[in-house]
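Trainee: sequence and computational prediction follow.
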Amino acid sequence: MQVVKQISEVRKIVKDWKRQGLTVGLVPTMGYLHEGHKSLIVRAVAENDRVVVSDFVNPTQFAPNEDYETYPRDIEADAKLCADAGASLIFNPEPEEMYDNALTSVNMTKITEVLCGKTRPTHFSGVCTVVSKLFNIVTPDRAYFGQKDAQQLCVIKKMVKDLNFDIEIVGCPIVRESDGLAKSSRNTYLNNAEREAALCLSRSLEKGKKLIEGGEESVEAVLDVIKTEINKEPLAKIDYAELVDLEDLSPLVKTKKPFLCAIAVYIGKTRLIDNFIME
Ligand code: AMP
């Protein structure tokens, strides 16, 4: 497995694969890979002849006050995980390679302005721009995204439809720690007390889910239970807790499937997200 830093080299390798009639899967990541990322890579390896993992902390999806500089990085550990999972290539460009005086970006309205888009208004433009670029560089048959970032998955599916990318988008389930916390590269920011407090995310969602499974149809009642559970935790501060239509992310009054129930919570300074979907 090779680690490649140049766009031209990725293109050369992928063209060669395609000449041989091989299919290509892409797993876009920001690195510091864990079992959640690995599940995407393993799935991609099972469904494609060759798999490219992009490993790039994308500056354009961070606001100036966010954690771009401190975001954890470890390309050597990432390379080992990718090799173990059966990937063929890691694309690990420098920001200058990706954004050489670029003046173009990809913007989406509406579904990027709700949920995480409210507190992170420029985030999804950065995501759409970098993912479009990765799609054009790697030209994959399929690309793999985690349901952990449910809004991102929804945005990417919409972008692929709107811009006619000939790429199948595959959504993959959330991988959790044994105690329920959704795996995330940002979990490394948590100290011991915060790590314990972070369990209020998955715990609150479980309570909400149980309520719905028990027949509760009122979104307000479900969100009430979720917010109450999170608010019991002194280190937690809710950014949002919402239950929205899975397609257009519009708020619902009744728990009408398919829906996404998504939360973002600050644990100390660390902003964590989690969700569940009912289809
Ligand atoms: P990131 O490196 O955080 O940008 O994530 C790269 C990809 O991995 C995204 O599609 C995420 O949704 C996915 N991912 C991150 N954490 C998890 C997880 N715990 N379970 C499943 N997928 C994940």
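Mentor: The structure has been received and is ready for your questions.
Trainee: quick one: residues contacting residue 2.
Mentor: Contact analysis of residue 2 by CB atoms under 8 Å, 6 or more residues apart in numbering lists 13, 88, 89, 90. Where C-beta positions appear, they are placed from N, C-alpha and C, glycine not excepted.
Trainee: dump those to TSV, plus secondary structure and pLDDT.
Mentor: Formatted as TSV, those follow (DSSP: H, G, I helix; E, B strand; the rest coil; pLDDT from 0 to 100):
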residue	secondary structure	pLDDT
13	helix	98
88	coil	98
89	strand	98
90	strand	98
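Trainee: contact partners of whatever helix or strand residue 207 lives in?
Mentor: Element membership of residue 207, judged by DSSP states H and E, is helix 199-213. Helix 199-213 has contacts (CB under 8 Å, 6+ apart) with 176, 179-182, 221-223, 225-227, 229-230, 232-233, 236, 241, 255, 261, 263, 265, 272-276, 278.
Trainee: and the residues you listed near the ligand, which?
Mentor: Residues of the contacts of helix 199-213 in contact with the ligand (CB under 6 Å from any ligand atom): residue 182.
Trainee: drop anything exposed from the contacts of helix 199-213.
Mentor: The neighbour-count test (16 or more other CB atoms under 10 Å) marks 181-182, 222-223, 225-227, 229-230, 233, 236, 241, 255, 261, 263, 265, 272-276 as buried among the contacts of helix 199-213.
Trainee: now the helices for the stretch 1-150 of the chain?
Mentor: 7-19, 35-47, 75-85, 95-98, 116-119, 123-138, 150-162 (DSSP state H, counting those that start in this stretch).
Trainee: so what pairs up with the spatially closest residue to residue 91 that is not a sequence neighbour in the strands?
Mentor: Sequence neighbours aside, residue 54 is the residue nearest to residue 91 in space, at 4.5 Å (criterion: CB to CB, 6 or more residues apart in numbering). Per DSSP bridges, residues listed as beta-bridge partners of residue 54: residue 28, residue 91.
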